[in-house]
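1. the following comprises the amino acid sequence and a computationally predicted model.
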Amino acid sequence: LLEQVVMRNPDYAPAWALLAHAYRITTNSPSLVNGSVEELRRVVNEVLPKAEMAAQRANQLDPNLSDGYFALGEINDARGRLLLAEDLYSKALGVDPGNTDVLYTYSALLARVGRIKEAVAMKERLKVLEPFVPVFIGNGALVSWVNGQTDAAIAMLKTLPEGSGQRAFSL
């Protein structure tokens, strides 16, 4: 559907950014990969260039659109280019400091590379903006726990809706 939207509205930057994000998350879909490394590699090699092109188009059309930089950051994160991903996430937050998708993803990157205190601070910003999203709460609790804030982590987990379970975690 997004491909149709950008074909009809080729100058609409938000649609290009969302298309880039959609392509990028396609690489996470277990239904597209039969479990083999070769199949996963094929999907990634097919989809990430499309995602990168769409994100670059979004940035070209609107350099003040946070989501374009965010999508490009996700792509570079997926490719293991963590420093470039961090630069792009920072740029996205520079454009829109309240972009919760960027705060969530950037804080996860910081946690994965061991910059826990920075990740916790970013999770706190995210909690102020979106206090009720289970995955944000779950990951905030995980990062707090890793940072030695066990009581805070437990308190966060107690606020999760019944049955949210594993869906609340995805570093």
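-> It's in. Residues are numbered from 1 along each chain as shown.

2. please count neighbours and contacts with C-alpha atoms only from this point.
-> OK.

3. got the contact list for residue 158?
-> With contact set as C-alpha atoms under 8 Å, 6 or more residues apart in numbering, residue 158 has no partners.

4. got it, and residue 99?
-> The neighbourhood of residue 99, defined by C-alpha under 8 Å, 6+ apart, consists of 66, 92-93.

5. and the pLDDT for it?
-> According to the model's per-residue confidence, residue 99 sits at a pLDDT of 96.

6. can you map out the strands along this structure?
-> Under the criterion DSSP state E, the chain contains no strands.

7. so where is it shaky, pLDDT-wise?
-> For the chain, the stretches flagged by pLDDT under 70 are 29-35, 163-171.

8. ok, now with 90
-> Filtered on pLDDT under 90, the chain yields the residue ranges 25-46, 78, 120, 123-124, 127, 130-171.

9. center of it, which residue is that?
-> The centroid of the chain falls nearest to residue 105 when counting by C-alpha atoms, centre = their mean (3.7 Å).

10. ok, which stretches of the protein are helices?
-> Along the chain, the segments classed as helices by DSSP state H run 2-8, 13-26, 37-61, 66-78, 82-95, 100-112, 116-129, 134-146, 150-158.

11. highest mean neighbour count out of these?
-> The highest mean neighbour count among these belongs to helix 66-78 (a mean of 27), with neighbours defined as mean count of other C-alpha atoms under 10 Å.
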